[in-house]
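Asks: next comes the sequence, and after it the predicted model I'd like to discuss.
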Amino acid sequence: MIDHLECTSCGARYPADTLMNLCPADGRPVQIVNDLERLLHEHPGLGWYHPDRRDMWRFGALLPLDIADPGDREHIVTLGEGATPLLVYDDAPAARRGGFRLQVKDEGKAHPGFGANPTQSFKDRGMAMTVSMARRHGLERLAVPTQGNAGDSLCEYAVAAGLRAVVAMPRDTPLPILGRVAALAQDGDRVALELVDGTIREAGERLKERWIPQGWFSVATFQEPGWRIEGKKTLGLELAEPAEPGGAWSLPDVVVYPTGGGTGVLGMWKAWSELECLGLIGPDRPRMVCVQSEATAPLVRAFEQGLADTAPAAAGKTLAYGLNVPGGVGHFRVLEIIRESGGSAIAVTEAEMESELSAVWRDKGWWICPEGAACLAALPALRDQGMISGGNRVVVFNTGSLEKYLPELRHLL
C-alpha cells in the first residue's frame with residue numbers, strides 16, 4: 001500500500017520503489033507514505049487487521065508488506081517479533097504517590113501468550129521490516145553501525161533470510177551482545193564484525209570508509225528509506241489497539257520512551273496519524289517524553305534551550321548503552337514531535353537509573369534493561385513538573401532484557 005516516499009523535512013517526494021538512503025535534497029530521513037484511501041477501499045472496516053496473529057504483522061496492509069498477500073508474504077522474514085505485553089505496574093512507588101496508572105511495554109523477555117522479540121530487544125521490529133524490504137528490493141548485503149542491539153538484531157534476521165550483514169559496534173558493547181555477533185562472524189561468511197573505539201558515531205564512520213563504497217547498503221538509523229520507522233510504527237499501533245475484540249482503539253495520556261536516535265518516536269507518531277486518518281482515533285495524542293542519560297543528553301539540551309535540532313556532542317559513559325548516542329540525523333523531527341505533543345525531554349543520573357533497576361528486580365523480578373529503568377526513574381520528576389497528572393494512564397517502554405547487559409549490571413541484582 002505504499003504510495004510514495006517523502007522527506008521528513010523538506011517534503012520532497014520520491015517514487016514508492018526508490019531504493020535510497022537520506023533525502024538528496026537536504027540530507028534528512030525519508031519515510032513511507034501509505035495509500036490509506038486504497039487501503040479502505042480494498043480492506044473495508046478493519047479487514048486489514050488480523051488480531052489473531054501474535055506478531056507485529058497483525059497490522060496487515062497498514063504495513064509496507066502485508067503478510068496476508070501472497071506476493072508480499074514471500075519476502076517477509078518473521079521470527080515472532082512484536083505483540084508484546086503491557087505489564088501493569090500501578091504499585092510502583094511513583095505511581096502510588098502520583099495517583100496515576102502505570103504500564104510497562106515490555107520488549108525484552110518473552111511472556112506466555114504474547115509475541116516475543118527473538119533477540120529480546122525492540123530493535124527486532126525495525127530489523128524484521130528492514131530485512132523483509134531488503135529482500136523485496138533484491139538486496140543481499142546490509143550494513144549497520146550500532147550501540148549493540150540493532151547489530152545483534154540485524155544479524156539474526158539477515159542469517160534467517162540468507163543475506164549478508166556487516167556490523168560495526170563499540171569495543172565496550174555489553175559482552176552478551178558483542179559475543180553473539182562475534183560468534184556469528186566466526187561461523188561462516190554471512191556476518192562480518194568491525195569493532196571501533198567510541199560510539200555509534202565512530203561505527204558509522206568506519207562503515208562509510210570501508211564497506212559502503214564496496215556496495216553494502218546502509219540500514220543505519222534513518223538511513224534506509226523509512227523501513228525501520230515502519231517496523232517501529234507497530235509499537236504505536238499496539239498501544240492503540242483494543243484490549244478486547246471489538247473494543248475501541250485508544251491511546252494513553254503519556255508515553256515515556258528511552259531515546260537514542262529516535263526511530264520509535266517517529267514510528268509511533270506516524271502510526272497514530274494513520275489511525276486518525278482511518279477514523280479509529282481522534283486528534284488527541286499522548287504527551288511524548290523522551291528520556292536520556294545525563295552522560296549523553298543532546299536531545300534534552302536542545303529541548304531545554306529551545307533549539308530546532310541537536311548539536312554534535314561528546315559521548316559520555318552510561319550503563320544505558322542504547323542511549324549513548326551523541327547526535328542524530330532525525331533528532332530535529334523528534335524535537336518537533338515532543339513539542340507538538342506538549343511533551344518533554346528529561347535526563348536522569350546513573351545513580352537514579354541503577355537504583356530503579358535494582359528496585360524493579362527486587363520488587364517485581366522483571367528483567368528491566370537500563371534504558372527502561374531510566375524511564376521509570378524519570379517518573380517522580382515528571383509528576384513534579386506537571387507532565388503527569390493524577391488519573392493519567394502512563395506507558396513506559398522497556399526496550400530490552402536485562403540479561404543482555406550482564407555481567408556489567410550483576411552488582412545491581
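Replies: Alright, I've got the coordinates. Numbers count the residues shown, from 1 in each chain.
Asks: distance of residue 390 relative to residue 90?
Replies: For residue 390, the distance to residue 90 equals 13 Å [CB to CB, to the nearest Å]. The way it works is simple: take the backbone N, C-alpha and C, and place the C-beta from them, glycine included.
Asks: what about residue 76, how many residues close to it?
Replies: 20 (other CB atoms under 10 Å).
Asks: now the one 5 residues further on
Replies: Here the count is done by other CB under 10 Å, and residue 81 has 30 residues near it.
Asks: likewise for residue 179?
Replies: Here the number of neighbours of residue 179 (other CB under 10 Å) works out to 12.
Asks: doesn't it belong to a helix?
Replies: Yes - with DSSP: H, G, I helix; E, B strand; the rest coil as the criterion, residue 179 is located in a helix.
Asks: would you map the strands across the stretch 101-250 of the chain?
Replies: Under the criterion DSSP state E, counting those that start in this stretch, strands of the stretch 101-250 of the chain are mapped to 101-106, 141-145, 164-170, 191-196, 217-218.
Asks: which one of those strands lies nearest to residue 356?
Replies: Residue 356 lies closest, by CB to CB, to one member of those: strand 101-106, at 11.8 Å.
Asks: now do the same contact list for residue 261.
Replies: 221, 222, 325, 328, 330, 331 (CB atoms under 8 Å, 6 or more residues apart in numbering).
Asks: hang on, the earlier thing: wait, which of the strands of the stretch 101-250 of the chain is closest to residue 131?
Replies: Among the strands of the stretch 101-250 of the chain, strand 141-145 comes nearest to residue 131, with 7.3 Å by CB to CB.
Asks: against which helices or strands is that closest one packed?
Replies: Strand 141-145 sits against helix 123-136, helix 149-161, strand 164-170, helix 200-210, strand 217-218, with contacts defined as 3 or more CB pairs under 8 Å, 6 or more residues apart in numbering; DSSP states H and E.
Asks: one more pass at 10 Å, please.
Replies: Packing contacts for strand 141-145, counted by 3 or more CB pairs under 10 Å, 6 or more residues apart in numbering; DSSP states H and E, involve helix 123-136, helix 149-161, strand 164-170, strand 191-196, helix 200-210, strand 217-218.
Asks: coming back round to it: what's the overlap in contacts for residue 390 and residue 90?
Replies: Jointly contacting residue 390 and residue 90 under the rule CB atoms under 10 Å, 6 or more residues apart in numbering are 100, 101.
Asks: measure the nearest residue to residue 338 once chain neighbours are set aside to residue 337 for me?
Replies: In space, and not counting its chain neighbours, residue 338 is closest to residue 288: 5.4 Å by CB to CB, 6 or more residues apart in numbering. To residue 337, residue 288 is 6 Å away according to CB to CB.
Asks: now for the two: what residues contact both?
Replies: Shared contacts of residue 288 and residue 337, counting by CB under 10 Å, 6+ apart, come down to 265, 268, 269, 343.
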